[in-house]
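# Fold the following for me, if possible:
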Amino acid sequence: QIVCYHMYGHKEAFSRYATWFAVWTQLFFLLSGFVLAYAELAKPPKTGNSRLSLLRYVRRRLTVIYPAFFLALLLRVTYHPGKTPFEWSMLPLHAMLMQSWLPICIATESGSITCSPWLFNGEAWFLSVLLIFWLFLRPLAEMFRQRSLTFCSVTIVVCWIWSYVYQIAGNHNRLASALGFGELGSIIVMVAIRATPIGFFNVFIAGVAAARIFIVVATKDADTGGSVSLETRKVALAATNAPKVLRYGCCVGYIIYAGMVAFLTKYIKSHYYFFHNGGMLPVMLLVLLGAAIGTDPLAVWVFRSKPFMVLGRISYLQYLMQHVLQGWIAFTFGWDNNPVAQAVFIPALLVFSYICQRWVEKPYTLYQRWRLEKGVRGCDDVVIERLESGFAATAACLRCSR
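Below you'll find the predicted structure:
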């Protein structure tokens with residue numbers, strides 16, 4: 001949906017509904033919070049040497065996402081390099097996935113405003129935000145480990161209501177105007193809401209809370225058959241225990257979504273910040289939990305079908321490569337007045353993404369697994385060890401000074 005918004009949002013027949021496709025960006029943060037928190041909550045809490053250090057934990061996450069990201073960045077820079085000193089100065093931040101940690105913007109001599117998160121391969125800004133969220137994932141998961149269903153449900157409601165804070169702050173530049181900001185300041189506030197951790201922490205927290213809800217209502221202790229507890233060594237799915245609304249969450253969620261598109265389209269642009277920064281949580285949580293429980297007809301017959309399984313494997317690369325491929329097509333054949341290029345773009349993107357996944361991402365993943373099995377050390381291990389030694393020495397010095 002997001003690819004269609006980016007590529008065809010200007011089409012007259014599609015433009016009225018295109019904004020609905022844009023608001024699905026928040027699913028990245030919801031899904032990441034849910035999946036990673038579930039991985040923590042589904043096993044006993046780890047302590048001591050059995051627990052990965054923070055740097056090693058983040059490195060494990062980056063091993064999955066960074067190769068495809070770096071390939072997309074490299075391809076983008078190759079044929080569409082930076083044009084100004086500011087753009088080139090931001091490239092190291094992009095390479096280190098730090099481009100969206102802060103809303104860095106600058107006014108150019110021509111009067112336009114350029115912002116770091118959307119330079120080069122601008123779609124990758126969400127990875128920079130996720131990197132920050134991963135630093136807090138395990139503490140958040142531990143905080144929710146023993147929380148009740150009521151607590152988690154209230155947390156999600158609060159996170160959803162919080163989305164309207166962004167609507168109040170961003171719509172008509174209310175916050176920027178209240179602070180006396182000019183045009184540049186208004187853009188910085190907008191970017192902070194739409195492309196930095198400030199704007200999506202509520203969605204990520206909702207994902208963590210949803211993982212706990214899933215543990216409580218749809219899983220059991222695999223050994224005892226009872227509820228999951230701190231002593232549980234392995235969890236098993238207990239789909240029949242879940243409420244029916246969640247067992248059919250995909251169908252219910254998409255029905256609600258269809259109703260929103262049918263009856264609320266006239267409000268989507270005026271309430272863009274709300275819908276974009278968490279307002280879609282009820283719909284997305286229903287779809288997410290329905291798919292996780294696995295009894296929903298859409299989950300059984302559609303999402304688990306072979307074509308959708310293949311699409312699932314290449315979806316990350318589709319998102320990263322959309323403007324890489326579209327930019328090359330526009331540069332070589334033209335785009336705006338080339339209906340053939342626009343028509344073949346989606347099939348070409350699927351093929352290109354599959355090639356990148358099959359011959360770049362997959363081999364690198366297999367290589368990392370081989371390294372882990374054989375205990376092969378790399379430069380990243382050496383860097384992490386030195387950083388951890390430095391942090392430990394600094395902490396020891398601080399304790400001694402006290």
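
# Contacts for the strand or helix carrying Phe34, please.
Using DSSP states H and E, the element containing Phe34 is helix 27-41. Contacts of helix 27-41 with the rest of the structure, by CB atoms under 8 Å, 6 or more residues apart in numbering, involve 61, 126, 129-130, 133-134, 137-138, 140-142, 144-145, 200, 203-208, 210-212, 214-215, 228, 280-281, 284-285, 288, 292. From N, CA and C alone the C-beta is placed, and that goes for glycine too.

# repeat that with 6 Å
126, 130, 137, 141, 145, 200, 203-204, 207-208, 210-211, 215, 284 (CB atoms under 6 Å, 6 or more residues apart in numbering).

# How far does it sit from its chain's centre?
Using CA atoms, centre = their mean, to the nearest Å, the distance from the centre of helix 27-41 to the centre of the chain it belongs to is 10 Å.

# buried sites along the helix or strand following it?
Reading on from helix 27-41 to the C-terminus, the next helix or strand found by DSSP H and E is helix 54-79. Across helix 54-79, burial judged by 16 or more other CB atoms under 10 Å covers 54-55, 57-59, 62-63, 65-73, 75-77.

# Tell me what angle helix 54-79 forms with helix 27-41.
Comparing the axes of helix 54-79 and helix 27-41 via axes from the mean of the first three to the mean of the last three CA atoms, to 10 degrees yields an angle of 150 degrees.

# Which other helices and strands does helix 54-79 contact?
Judged by 3 or more CB pairs under 6 Å, 6 or more residues apart in numbering; DSSP states H and E, helix 54-79 is in contact with helix 125-144, helix 306-333.

# in which helix or strand would I find Ile106?
Using DSSP H and E, Ile106 falls in strand 105-107.

# rewinding a little: export the contacts of helix 27-41 as TSV, with columns for distance to Arg304, pLDDT and neighbour count.
Conversion of those to TSV gives the following (distance: CB to CB, whole Å; pLDDT from 0 to 100; neighbours: other CB atoms under 10 Å):
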residue	distance to Arg304	pLDDT	neighbour count
Phe126	26	96	19
Leu130	26	97	23
Leu137	27	97	23
Ala141	27	96	20
Arg145	30	94	17
Phe200	29	98	29
Val203	26	98	28
Phe204	26	98	30
Gly207	22	98	31
Val208	25	98	28
Ala210	21	98	28
Ala211	21	98	27
Ile215	22	96	22
Met284	19	98	24
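
# Looking at those residues, which is nearest Pro45?
For the contacts of helix 27-41, the closest approach to Pro45 (CB to CB) belongs to Arg145, at 6.9 Å.

# Give me the local confidence score for the nearest residue to that closest one once chain neighbours are set aside.
Nearest-residue entry for Arg145: Leu41, 5.9 Å, with adjacent residues in sequence omitted and distances by CB to CB, 6 or more residues apart in numbering. The per-residue pLDDT reported for Leu41 equals 94.

# what about Leu41, how many neighbours?
The burial metric for Leu41, expressed as a neighbour count using other CB atoms under 10 Å, is 24.

# what's the distance between it and Gly279?
Leu41 sits at a distance of 26 Å from Gly279 (criterion: CB to CB, to the nearest Å).

# Let me know the average pLDDT across stretch 384-394.
The average of the pLDDT scores along stretch 384-394 is 87.

# Run through the strands of the stretch 201-350 of the chain in chain order.
Defined through DSSP state E, counting those that start in this stretch, the strands belonging to the stretch 201-350 of the chain, from first to last, are 219-221, 235-237.

# Dump those strands into TSV; add distance to Val340 as well.
Supplementary listing: the strands of the stretch 201-350 of the chain in TSV, determined by distance: least, CB to CB, whole Å:
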stretch	distance to Val340
strand 219-221	50
strand 235-237	47
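
# Show me the one of the ones you listed that comes nearest Asp336.
Comparing those against Asp336 with CB to CB, the closest turns out to be strand 235-237 (49.5 Å).

# Now do that closest one: which elements does it pack against?
So strand 235-237, by 3+ CB pairs under 6 Å, 6+ apart, packs with no helix or strand.

# Paired strands for it, with orientation please.
Neighbouring strands of strand 235-237 in its sheet, by DSSP bridges, are strand 219-221 (antiparallel).

# Go ahead and name everything in contact with the partner strand.
Contacts made with strand 219-221 from outside it, assessed by CB under 6 Å, 6+ apart, are listed as 228, 232, 235-236, 238.

# Just give me the closest of those residues to Phe352.
If you rank the contacts of strand 219-221 by distance to Phe352 using CB to CB, Val235 comes first, at 38.2 Å.

# From the rest of the structure, what touches stretch 365-384?
Residues from elsewhere that reach stretch 365-384, judged by CB under 6 Å, 6+ apart: 55, 63.

# That stretch spans what distance, first to last residue?
End-to-end distance for stretch 365-384: 20 Å, by CA to CA, to the nearest Å.

# one step back: most packed of the strands of the stretch 201-350 of the chain?
strand 219-221 (a mean of 19; mean count of other CB atoms under 10 Å).

# quick one on the thing from earlier: looking at the contacts of helix 27-41, which one is closest to Asn337?
Comparing every one of these with Asn337 (CB to CB), the shortest separation belongs to Phe126, at 31.3 Å.

# Could I get the contacting residues of Gln357?
By CB under 6 Å, 6+ apart, Gln357 lies in contact with 314, 317.
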